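> I'd like to go over a predicted model; first the sequence, then the structure.
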Amino acid sequence: MPAEKTSFVYVTYIVSTPQKVFEAITKPDIARRYWGHENVSDWQPGSQWEHVRANDKRTVELIGKVVEVSPPARLVITWANASQAADPASHSRVTFEIEEYEDMVRLTVTHDELEAGSGMAKGISQGWPVVLSSLKSFLETGSGLDVFAKPKAA
């Protein structure tokens, strides 16, 4: 019996343009400034993308394929831990929808096809809010957040 699937949706509003939001997701030199990683690909359907840690080790932490690309409105990629890249059952999907919304952008990130209860499902439910908050902060102020920060002990 196949594992139960779940999804995670996050919506944020950013004072920016669709082009700048799309570039922030797809250009490695921009993503590293708010994400601490670089998203590396030629962004053509069927191409591989890699999520590379922006440090001296340059480890590839996530990997996937570009499913759909329609700049600056939509990007769909598959997503898996690099260690599980060979197992198609471990791949999930991320859809970035970027819409003009008066003088802002509404960014909707839908991460679906996740195995319910998995470490990946737990990780992304904590990770996406901080990464997307950092993206918003970066585009609006020029400074991202510390996406690796931990909660203070009580």
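Here it is on my side, so go on. All of these numbers come straight from a predicted model, not from anything done at the bench.

> Rounded mean pLDDT for the lengthiest helix in the chain, please.
In the chain, with assignment by DSSP state H, the single longest helix is helix 119-141. For helix 119-141, the mean pLDDT works out to 96.

> which of the residues in it are buried?
Buried residues in helix 119-141, counted by 16 or more other Cβ atoms under 10 Å: 120-121, 124, 128, 131-136, 138-139. Using the backbone N, CA and C atoms, a C-beta is placed for each residue, glycine as well.

> by contact count, what packs against it?
strand 5-14, helix 18-26, helix 28-35, strand 104-115 (3 or more Cβ pairs under 8 Å, 6 or more residues apart in numbering; DSSP states H and E).

> Which one of the ones you listed lies nearest to Val66?
Minimum separation from Val66 across the helices and strands packed on helix 119-141 (Cβ to Cβ) falls at helix 18-26, 9.6 Å.

> Correct me if wrong: Ser125 contacts Thr6.
No. In this structure, Ser125 is not within contact of Thr6 by Cβ atoms under 8 Å, at 9.3 Å.

> Now Thr110. Nearest residue, chain neighbours left out?
Thr95 (4.5 Å; Cβ to Cβ, 6 or more residues apart in numbering).

> quick one on the thing from earlier: need the helices and strands packed on helix 119-141 in CSV with distance to Ala80, can you?
Conversion of the helices and strands packed on helix 119-141 to CSV gives the following (distance: least, Cβ to Cβ, whole Å):
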stretch, distance to Ala80
strand 5-14, 14
helix 18-26, 18
helix 28-35, 18
strand 104-115, 10
